[in-house]
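Undergrad: Could you work out the structure for the sequence below:
(4 chains)
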Number of protein chains: 2
Amino acid sequence: MTSGRPREFDIDRALEAATQQFWAAGYEATSLQDLLKTMRLSKSSLYQTFGNKHELFVCCIDRYQQTMVSALSEQLANSNSVERFLHDFLEGVISEAKNCSTRKGCFLVNTANELSQRDPVIAKAVSSGIGNVAEVFRQAIEQGKQQKELDSALPTENLVDYFMTSVSGLRTMVKVGADIASLQPVVQLIMQTLSGNKPTYQ
Amino acid sequence: MTSGRPREFDIDRALEAATQQFWAAGYEATSLQDLLKTMRLSKSSLYQTFGNKHELFVCCIDRYQQTMVSALSEQLANSNSVERFLHDFLEGVISEAKNCSTRKGCFLVNTANELSQRDPVIAKAVSSGIGNVAEVFRQAIEQGKQQKELDSALPTENLVDYFMTSVSGLRTMVKVGADIASLQPVVQLIMQTLSGNKPTYQ
DNA sequence: ACAATTATGGACTGATAAGTCCCAAACTTT
DNA sequence: AAAGTTTGGGACTTATCAGTCCATAATTGT
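TA: Below is the predicted model of the structure:
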């Protein structure tokens, strides 16, 4: 029935560009002009397609969260050692400290810090996203306990909370400017704690 | 020589008020109107005394940092157990999760997250402040090792970095909305790791 | 009395923000 | 050809922001 000029841009690519912008600069510091530039859209197209800045942001959060969860799930599935999976993730977090320029951290955590206290809609999206990420790690840790890689004396929930806390902490340290040499031993300590202080994977 | 009408407001009280405002809402989200209201100053007085919003903010950061460091030093001096000192600090961090309303986190960490990537002046002030805080914990941990409370096999620097990372992580978890019940076991795990997995102070 | 300083408050500037609206052109399907 | 839709761009509104300036009053020391 309905027809008309077809949309020329790709919604997902536009969302990806918007995400990069929001991720790098935050919500408030990103102006509509910035978005139009990186998304390569006219103002009309943006408002018609995404509603407004706030709705666009929530879309970006959701998309980021889905992407992250599926990537993590895949990595877990392709990994034969849970210990290695967790260790590699931590290493990835602190590897941002190698090149001074990027240090973007995690989009969800950044957003939580910027907006969770004053925007309940965004707070809910972030909280949900972090919950989904934590769920992947819960599965990983459960699997690790069954394979006797991790300390099975402790409740899985505690280990998940501990891991999420550690990841958040490393992210902050990277942002504050810590160097990778000082964070490497921290990663070792975290992994030792998770595995019940057996010698850990290097 | 010079005389004139004496200043009617107290600079330190004004800085305290400004700090509370910046702390609660962040730098960008705090307008000059907000500051005038909480500081109970006229616009002229604010600009004459503190220069501008940015300089005022740096003053707040410095003042906060000094206050925090001296308070921590005092607590450490008055504490007979280093383990208890560290444990109480972690408990204080997660106790914010009890009353949903406040959850302000640490002013330095908040600022690092908001501005460190794009404001080098503030980044330096924050980094310096966090360094001073870490120094107190370094002294504490050194003392703990000498008193055989902590695992002396590990370098002090690593333990300090681990502790700072853990604190930052807990702060983020609180902000994201974690409840105190799930963070309590995390605190236990952190303390066990610091003390070399002896049974820890409850 | 006089100079120096701080006080208040409002007017003002220049910039930027998000969002609305309108228009003419481009494109697709019927 | 006609209807429906998207395109880009610019004009516009409304609001807010940080910061400057000025006039006037209040209070101090000399």
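Undergrad: how about the residues of chain A near DNA strand D?
TA: Chain A comes close to DNA strand D at residues A:2-9, A:40-45, A:48-49, as judged by CB under 7 Å from any atom of the strand. Any C-beta I mention is one placed from the backbone N, CA and C, and that applies to glycine too.
Undergrad: gap between the closest residue to A:Asn158 other than its chain neighbours and A:Glu157?
TA: Once flanking residues are discounted, A:Asn158 sits nearest to B:Pro185: 4.1 Å by CB to CB, 6 or more residues apart in numbering or on different chains. To A:Glu157, B:Pro185 is 8 Å away according to CB to CB, to the nearest Å.
Undergrad: who has more neighbours, the two?
TA: Between B:Pro185 and A:Glu157, counted using other CB atoms under 10 Å in any protein chain shown, B:Pro185 has the larger neighbour count: 16 against 13.
Undergrad: chain center to the helix or strand harbouring that one: distance?
TA: Using DSSP states H and E, B:Pro185 maps to helix B:180-194. Using CA atoms, centre = their mean, to the nearest Å, the mean C-alpha position of helix B:180-194 is found 20 Å from that of the whole chain.
Undergrad: likewise stretch A:145-155?
TA: 25 Å.
Undergrad: mean confidence score for that stretch?
TA: When pLDDT is averaged over stretch A:145-155, the result is 89.
Undergrad: and if you look at stretch A:89-99?
TA: On average, stretch A:89-99 scores 91.
Undergrad: Pick out the residue of chain A closest to chain B.
TA: A:Gly169 (2.8 Å; CB to the nearest CB).
Undergrad: follow-up on the earlier one: contact partners of the helix holding B:Pro185?
TA: Helix B:180-194 is contacted by residues A:154-155, A:157-158, A:161-162, A:165, A:189, A:192-193, B:83, B:86-87, B:90-91, B:94-95, B:97-98, B:141, B:150-151, B:159, B:162-163, B:166, B:170, B:173-174, B:198, B:200-201 when judged by CB atoms under 8 Å, 6 or more residues apart in numbering or on different chains.
Undergrad: Now list the buried members of those residues.
TA: For the contacts of helix B:180-194, a burial check counting by 16 or more other CB atoms under 10 Å in any protein chain shown picks out A:154, A:158, A:161-162, A:165, A:189, A:192-193, B:83, B:86-87, B:90, B:94, B:97, B:141, B:150-151, B:159, B:162-163, B:166, B:170, B:173-174, B:200-201.
Undergrad: Could you tell me which of those residues belong to helices?
TA: Among those, DSSP state H puts A:158, A:161-162, A:165, A:189, A:192-193, B:83, B:86-87, B:90, B:94, B:141, B:159, B:162-163, B:166, B:170, B:173-174 in helices.
Undergrad: what subset of those residues is also close to DNA strand C?
TA: Subset of those in contact with DNA strand C: empty, counting by CB under 7 Å from any atom of the strand.
Undergrad: Of all the residues in chain A, which one is nearest DNA strand D?
TA: With CB to the nearest atom of the strand as the measure, A:Gly4 is the residue of chain A nearest to DNA strand D, at 2.0 Å.
Undergrad: so how many other residues sit close to that residue?
TA: A:Gly4 has 5 nearby residues by other CB under 10 Å.
Undergrad: same deal with the one 3 residues further on?
TA: One way to gauge burial is a neighbour count; for A:Arg7, by other CB under 10 Å, it gives 11.
Undergrad: That one - nearest residue in space that isn't next to it in sequence?
TA: Using CB to CB, 6+ apart and skipping the chain neighbours, the partner closest in space to A:Arg7 is A:Thr49 (7.9 Å).
Undergrad: so the one you found touches A:Asp10, yeah?
TA: No - with contacts counted by CB atoms under 8 Å, A:Thr49 stays clear of A:Asp10, the gap being 11.1 Å.
Undergrad: Pull the helix holding B:Pro185 out as CSV, backbone CA atoms only.
TA: Extracted in CSV, the C-alpha atoms of helix B:180-194 (Å, rounded to 0.1, in the frame of the first residue of the first chain):
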residue,chain,number,x,y,z
ILE,B,180,23.8,-3.7,50.3
ALA,B,181,23.1,-7.4,50.8
SER,B,182,24.9,-8.3,47.6
LEU,B,183,27.8,-6.1,48.3
GLN,B,184,28.5,-7.3,51.8
PRO,B,185,30.0,-10.6,50.6
VAL,B,186,32.1,-8.6,48.1
VAL,B,187,33.6,-6.6,50.9
GLN,B,188,34.4,-9.9,52.6
LEU,B,189,36.2,-11.2,49.5
ILE,B,190,38.2,-8.0,49.1
MET,B,191,39.3,-8.1,52.7
GLN,B,192,40.2,-11.7,52.5
THR,B,193,42.3,-11.0,49.5
LEU,B,194,44.1,-8.1,51.2
